[in-house]
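Engineer: need a 3D model of the sequence below.
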Amino acid sequence: MDISSRTERVRKMERLLDESSEAVSQLSSALEKYEAALGGMKELFEYYSGGEWLDDLRADDAGLFPHGLKRGVLSEDAVFDLMAEDLAARERMRKLAEEKQGEE
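Structural biologist: Sure thing, here's the model as predicted:
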């Protein structure tokens, strides 16, 4: 193999190292944020699945909350969609982990 080919290979591997290092760093940060949010998500999902969410929705329909109150949590889809996205993300992480484990 000539020096030109070796040089190109080293350049390519260096680029792959940089890209991979950045991706792993970003994934690690995202996982830290996700882990920190798990307790709050559990509480949110319990709120949505229990009677409190419906009680609050009815109170909102009756106009009992202040006008400027942010209340996207009372929409019919916001929490449900988050639950579905969370499930899909966990499934994706599980599959990636299984694939990676199969390579080792």
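
Engineer: and His67, how far is that from Asp60?
Structural biologist: Relative to Asp60, His67 is positioned 11 Å away (CB to CB, to the nearest Å). Glycine gets a C-beta too; all of them are placed from N, C-alpha and C.

Engineer: next one: stretch 38-47 to chain centre, how far?
Structural biologist: Averaging C-alpha positions (CA atoms, centre = their mean, to the nearest Å) puts stretch 38-47 14 Å from its chain's average.

Engineer: and the contacts of that stretch?
Structural biologist: Trp53, Val73, Val79, Leu82, Met83, Asp86 (CB atoms under 8 Å, 6 or more residues apart in numbering).

Engineer: the worst-scoring helix or strand of the chain on mean pLDDT - contacts with which helices or strands?
Structural biologist: Lowest mean confidence among the helices and strands of the chain (mean pLDDT, DSSP states H and E): helix 78-103, at a mean of 93. Applying 3 or more CB pairs under 8 Å, 6 or more residues apart in numbering; DSSP states H and E, we find helix 78-103 packed against helix 3-49.

Engineer: good, we can wrap up now.
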